[in-house]
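In: sequence first, then the predicted structure, then my questions.
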Amino acid sequence: MSRWIVGWCFCGLSAALTACGGEKATTELSGLRIDDVSGRRAVVRFETSLPTTGEVQFGTSAGKLDRSARDVAMDPGELSFTHEVPLEDLQPDTQYTWRARAVDRDNAVVLTDLDAFTTRDEEPEAKGDNVALASAGAKVFEVSSNWGGGNNDSTYGADNAFDGKMASEWASDGDGDQAWIELEFGSVRRITGFAFRSRHMSNGSSTIRRVELAFDGDTERGPFDVPDATERYLFPIDPPVEASRVRIKAVETTGGNTGAREVEFYE
């Protein structure tokens, strides 16, 4: 019986997995690149010759890769040939070191060489206080569903839509156009702005393209067009609305486990 040994071969954009007895199973990484670099976000893309996970380890120095990101367009346990890994919640004008990591169905691990990029300088937006955060007293009141029947604080639970992090996300359990999430502000707030960014899957599903708001069950605003899941959309609420609760409702989606990376309300 042969025993598998993992051997690393860092030759540009490829790595090999080698077995005893001359047998060889090779996972080739190609097209490794970093795109869409802004002040707060970048995207690593690559392809693999065998289906694998898609991950990136990164940090502010080569000796401190203390953060990781994965291909969020893939369900847990899913393997793919194409990978798109967003690095979210970065600091502007900062150098980051990174490397890609892929794991195949036999749990063989491939790591690429280290590389680096610098985020762009970014002016802060003058938009007031985000009162949708738990730190501001807000909490999820109800939700149409969470992926896999999880609680609001689970990996894809509703709390992730209001945690101030683009790296996390709420995913419904196949709700499609019927997805909704309701937030309590904790007190009456005078809402002057609203921001939204959808989640999405690599096959084009799970994207919310249009949403509407219902404040305190009757005051409706929208619909708001949010067609690109890689973008955060910011809208004024004019005239402002005074309310203690709001329901965010999907109006038009691409179906599937629709949800949101982040929802923000400004006072």
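Out: Structure's in. What do you need?

In: buried residues in stretch 133-144, which are they?
Out: By neighbour count on 16 or more other C-beta atoms under 10 Å, the buried set for stretch 133-144 is 136, 138, 140, 143-144. Glycine gets a C-beta too; all of them are placed from N, C-alpha and C.

In: then stretch 202-221?
Out: For stretch 202-221, burial by neighbour count (16+ other C-beta under 10 Å) applies to 202, 205-215, 221.

In: OK, contacts around Phe215?
Out: By C-beta atoms under 8 Å, 6 or more residues apart in numbering, the contact set of Phe215 is 191, 221, 241, 243, 245-246.

In: try 10 Å this time
Out: Contacts for Phe215 were tallied using C-beta atoms under 10 Å, 6 or more residues apart in numbering; they are 185, 189, 191, 221, 237, 241-247, 265.

In: please apply the same query to Gly204.
Out: 73, 229, 254-256.

In: rerun that using 7 Å as the cut-off
Out: Counting by C-beta atoms under 7 Å, 6 or more residues apart in numbering, Gly204 makes contact with Thr254.

In: measure it to Ser198 for me?
Out: Shown here: Gly204 relative to Ser198, a distance of 12 Å by C-beta to C-beta, to the nearest Å.

In: kindly report the same for Met166.
Out: 11 Å.

In: have a look at the two and say which one is more surrounded.
Out: For Met166 versus Ser198, neighbours defined as other C-beta atoms under 10 Å are more numerous around Ser198 (28 against 17).

In: helix, strand or coil: sort out the closest residue to Asn160 other than its chain neighbours for me.
Out: Spatial nearest neighbour of Asn160, chain neighbours left out: Ser168 (4.0 Å); criterion: C-beta to C-beta, 6 or more residues apart in numbering. Secondary structure state of Ser168, per DSSP: H, G, I helix; E, B strand; the rest coil, is coil.

In: try Gly148
Out: helix.

In: who's in contact with the residue nearest to it when sequence neighbours are not counted?
Out: Leaving aside its chain neighbours, Gly148 sits nearest to Asp173 (6.5 Å; criterion: C-beta to C-beta, 6+ apart). If you count contacts by C-beta under 7 Å, 6+ apart, Asp173 has them with 145-149, 257.

In: now for the host helix or strand of Phe224, which elements pack on it?
Out: Per DSSP states H and E, Phe224 falls inside strand 219-225. Strand 219-225 sits against strand 208-215, strand 233-253, with contacts defined as 3 or more C-beta pairs under 7 Å, 6 or more residues apart in numbering; DSSP states H and E.
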